[in-house]
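> with the input below, show me the fold.
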Amino acid sequence: MSTLDTVPSTEDLPAAGRPKPKSSGGGFGRYLLVRFLLIFPTIFILVTLVFFLMRTTGDPITAAQGGRLGPEALAELRAAAGYDRPIIVQFLEYLGQIVTLNFGDTLTTNRPVVEVLATYGPATFELVFYSLIVAFVVGIPLGLFAAYYRDKPQDAVFRVLAIYWYAVPIFFAGLILKLIFSVWLKWLPVAGRASVGAELQMQALPNKTGFYTIDALMTGNPAVLGDVLAHVVLPATALGLLTAGIFLRLVRTNVIGTLATDYVDAARSRGVHEYRLLRKHAYRPALIPIITVIGLQIALLLSGAVLTETTFEWKGLGFILVEFIESRDYVAVQGIVVLLAIIVALTNFIVDIIAAFIDPRVRY
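Take a look at the predicted model:
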């Protein structure tokens, strides 16, 4: 009898003695739970910072009406709004309102802040969506080309472009784009979300969404859709190039790192062309860092939307936020900033989950 015949197989081992295969389900479940629970302290810290920073100049009534009303009238308004109570009591009450999605009423128009968000939010989210498309379409291919031509003149040009796109002020990029494509070439509209005729057709819809691309499709008129898309090109490009520069650098760095790995060297020694190595082996791993930083880029795009919307008269949250700041309507400003903070926190959570699906190493 040979030695192999005396070794029991795994089928002969008792259930308690069999080695259990390692399962990644528990790791992913714990990762998902931890990331979800982290949303709440993140939002709490953001809400706390926004609330108390807004109070550094005093209560909202005094900030908005100070100098316009006498002391007695000002005191009456403060008491009616509850701003004469201790600030901790006001903060706890505000937390309770946020849980029920009640962000208060604006001081200048007396409209619920939620209504303002519903009116102007679609414009901002639509702009951010198209800006991300510009960032992907421009940043990822150029990052691949820069890696392919690494340490050559083409690579230097791409890297300079990435630095320029990230460093140039958004309002300046917007003005240059308007000057070239609207004033000189007269190819694209200079400002706004749509022409007057297109807006009238969309406003006549019984179930309009506020997202002009969707509303334009609902009209069934290709001319309206073309008008809406023409208006979004310049602001989306001005805002998207900011993130495109970041994507270009990330893709270039990660592709170069992947091309230097052992398995790529082995494929290269077998005579595989460099372009095929780039397309087959280095492309997908380079996208993982892009996915992981999308959440941060959403925050960057939302902050950049303030300048972009002002430059192009794009009536979204950034545009109306500037008006509220100028009128010192801090209740509205606070509500908009808190909502954007919540959106950024939720976006980061979703991006983390997607990244964990794509790259299991993220979970551990």
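
> show me what contacts the nearest residue to P285 once chain neighbours are set aside?
Across the structure, with C-beta to C-beta, 6 or more residues apart in numbering as the measure, the residue nearest P285 apart from its sequence neighbours is T258 (5.0 Å). In this view, the C-beta of every residue, glycine as well, is placed from N, C-alpha and C. Applying C-beta atoms under 8 Å, 6 or more residues apart in numbering to T258 gives the contacts 264, 281-282, 285-286.

> do the same with R150
Neighbours of R150 in contact, by C-beta under 8 Å, 6+ apart: 252, 256.

> so it, which state does it fall into?
Assigned state for R150: coil (three-state reduction, DSSP: H, G, I helix; E, B strand; the rest coil).

> mind checking how far the residue nearest to P285 is from F319?
The span separating T258 from F319 equals 42 Å under the rule C-beta to C-beta, to the nearest Å.

> these two touch, right, I336 and L321?
Yes - using C-beta atoms under 8 Å as the test, I336 is close enough to L321 to be in contact (5.3 Å).

> and the strands in the protein?
Applying DSSP state E to the chain gives no strands.

> what's the weakest-modelled helix or strand in it?
None of the helices or strands of the chain scores lower by mean pLDDT, DSSP states H and E than helix 3-6, at a mean of 44.

> neighbours of F125, how many?
16 (other C-beta atoms under 10 Å).

> separation between the closest residue in space to A147 that isn't next to it in sequence and R249?
Once its chain neighbours are removed from consideration, A147 has its nearest residue in V255; the separation is 3.7 Å (C-beta to C-beta, 6+ apart). Between V255 and R249 the distance, using C-beta to C-beta, works out to 11 Å.

> which neighbours do these two share?
With C-beta under 8 Å, 6+ apart as the test, V255 and R249 both reach G143.

> and the two? Which one has more around it.
Residue environment comparison for V255 versus R249 gives the larger neighbour count to V255, 25 against 19, counting by other C-beta under 10 Å.

> tell me which residues touch that one, please.
Contact partners of V255, counting by C-beta under 8 Å, 6+ apart, are 143-144, 147, 278, 282-283, 286.

> and which of those residues is nearest to W165?
G143 (12.2 Å; C-beta to C-beta).

> relative to V134, how far out is that closest one?
Between G143 and V134 the distance is 14 Å, computed by C-beta to C-beta.

> between these two, which is the more surrounded one?
When G143 and V134 are compared on other C-beta under 10 Å, the one with more neighbours turns out to be G143, at 27 against 20.

> and for that one, nearest residue in space, chain neighbours not counted?
Closest residue to G143 in three dimensions, ignoring its sequence neighbours and counting by C-beta to C-beta, 6+ apart: V251, at 2.7 Å.

> do you know the pLDDT at the closest residue to A244 other than its chain neighbours?
In this structure, A244 finds its nearest non-sequential neighbour in G139, 3.7 Å apart by C-beta to C-beta, 6+ apart. Taken from the predicted model, the pLDDT recorded for G139 is 91.

> and Y283, what pLDDT?
In this model, Y283 is scored at 72, pLDDT.

> one more: the one 3 residues further on?
Reported pLDDT at A286 in the predicted model: 71.

> for it, give me its contacts.
A286 is in contact with 143-144, 147, 250-251, 254-255, 258, counting by C-beta under 8 Å, 6+ apart.

> and of these, the nearest to L340?
L250 (24.0 Å).

> pull the number of nearby residues for the residue nearest to the closest one when sequence neighbours are not counted.
Leaving out its chain neighbours, the residue that sits closest to L250 by C-beta to C-beta, 6+ apart is P289, at 5.1 Å. Around P289 there are 16 other residues, counting by other C-beta under 10 Å.

> V306 too?
Going by other C-beta under 10 Å, the residues that sit close to V306 add up to 19.

> surely it meets W314?
No - contact between V306 and W314 fails when scored by C-beta under 8 Å: they sit 10.5 Å apart.

> for V338, see how far away the spatially closest residue to L241 that is not a sequence neighbour is.
Nearest in space to L241, with sequence neighbours left out and distances taken as C-beta to C-beta, 6+ apart, is W165 at 4.3 Å. With the distance defined as C-beta to C-beta, W165 ends up 30 Å from V338.

> what's the answer for G143, then?
35 Å.

> residue contacts, the closest residue to T48 other than its chain neighbours?
Leaving aside its sequence neighbours, T48 sits nearest to F91 (C-beta to C-beta, 6+ apart; 7.6 Å). F91 makes contact with 48, 51-52 under the criterion C-beta under 8 Å, 6+ apart.

> most neighbours of all these, which one?
With neighbours taken as other C-beta under 10 Å, the top of the contacts of F91 is F51, carrying 18 neighbours.

> pLDDT wise, what is it at?
Spelled out, the predicted local distance difference test score at F51 is 87.

> wait, it touches L92, no?
No - in this structure, F51 sits apart from L92 without contact. The criterion is C-beta under 8 Å, and the distance is 10.4 Å.

> D262: how many residues sit nearby?
Neighbour count of D262, defined by other C-beta under 10 Å: 7.
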